[in-house]
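# Fold the following for me, if possible:
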Amino acid sequence: MAFIDLQNDLPGIRGPMIYRPETGTILNELAEILLHDEDNTLSRGDREMIGAYTSYLNDCFFCQNVHGAMAQHYYECDTQFIDSIKKNFLSADISDKLKSLLTIAGSVQKGGRYVTSEQIEKAKSLGATDREIHDTVLIAAAFCMFNRYVDGLNTWAPKDMQVYIDRAPMRAKEGYSQLGLTK
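Sure, this is the predicted structure:
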């Protein structure tokens, strides 16, 4: 049960966003730009994976599973593959560029000053553009905020993993700005 009366019974971040639609709209627009916008050289799957990985590090059950299911949808893979990335991306079958970006995301999760020039140079040497590095840092920072929003209000999350997997195709099609923010 949430710490405050959100006046709705929606799970995760949806409840607080509907409680305060004036801020929820802005947060959804940010998620749309970072995760769903087509004008990006990082794939939607990679961007969702950065969010899922950051949420995993923050132990945010709802966000890591929503965005893990989104990455799973875009990658056309199974849950075990996504879990293997979250648990040990360095040994996962993903590109070295994505590994370097997840390293940066993990540093951002600890605190912005944990990102090092060596991490940035390695990402660049593996083909990451300045924009991809920028977006990785912003996605990780935004997810730290989203995770704390969800868990700081003690919102509930479905425990059935299939719920997240079943919703991913719809969210992939509609994006994040289409989330209704009315009660």
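
# all helices of this structure, in order?
In the chain, the helices defined using DSSP state H lie at 14-19, 21-31, 44-57, 61-75, 79-88, 96-110, 117-125, 130-152, 161-174.

# With mean neighbour count as extra columns, can I get these in JSON lines?
The way it works is simple: take the backbone N, C-alpha and C, and place the C-beta from them, glycine included. Listed next are those as JSON lines, based on neighbours: other Cβ atoms under 10 Å:
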{"stretch": "helix 14-19", "mean neighbour count": "20"}
{"stretch": "helix 21-31", "mean neighbour count": "16"}
{"stretch": "helix 44-57", "mean neighbour count": "25"}
{"stretch": "helix 61-75", "mean neighbour count": "24"}
{"stretch": "helix 79-88", "mean neighbour count": "16"}
{"stretch": "helix 96-110", "mean neighbour count": "21"}
{"stretch": "helix 117-125", "mean neighbour count": "14"}
{"stretch": "helix 130-152", "mean neighbour count": "19"}
{"stretch": "helix 161-174", "mean neighbour count": "15"}
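
# Let me know which of those is the nearest to Leu6.
Minimum separation from Leu6 across these (Cβ to Cβ) falls at helix 14-19, 4.4 Å.

# Provide a list of residues in contact with Gly15.
2, 6, 8-9, 153, 155-156 (Cβ atoms under 8 Å, 6 or more residues apart in numbering).

# Likewise for Leu102?
Here Leu102 is in contact with 49-50, 53, 85, 89 (criterion: Cβ under 8 Å, 6+ apart).

# 6 Å - rerun?
Each residue near Leu102 by Cβ atoms under 6 Å, 6 or more residues apart in numbering is listed here: 53, 89.

# and what of the one 3 residues further on?
Counting by Cβ under 6 Å, 6+ apart, Ala105 touches 50, 53-54, 136, 140.

# tell me the pLDDT at it?
pLDDT, Ala105: 98.

# can you pull the contacts of the residue nearest to it when sequence neighbours are not counted?
Nearest residue to Ala105, sequence neighbours excluded (Cβ to Cβ, 6 or more residues apart in numbering): Ala140, at 3.9 Å. Contact analysis of Ala140 by Cβ under 6 Å, 6+ apart lists 54, 105, 108-109.

# Would you confirm that Ala2 contacts Gly152?
No. In this structure, Ala2 is not within contact of Gly152 by Cβ atoms under 6 Å, at 10.2 Å.
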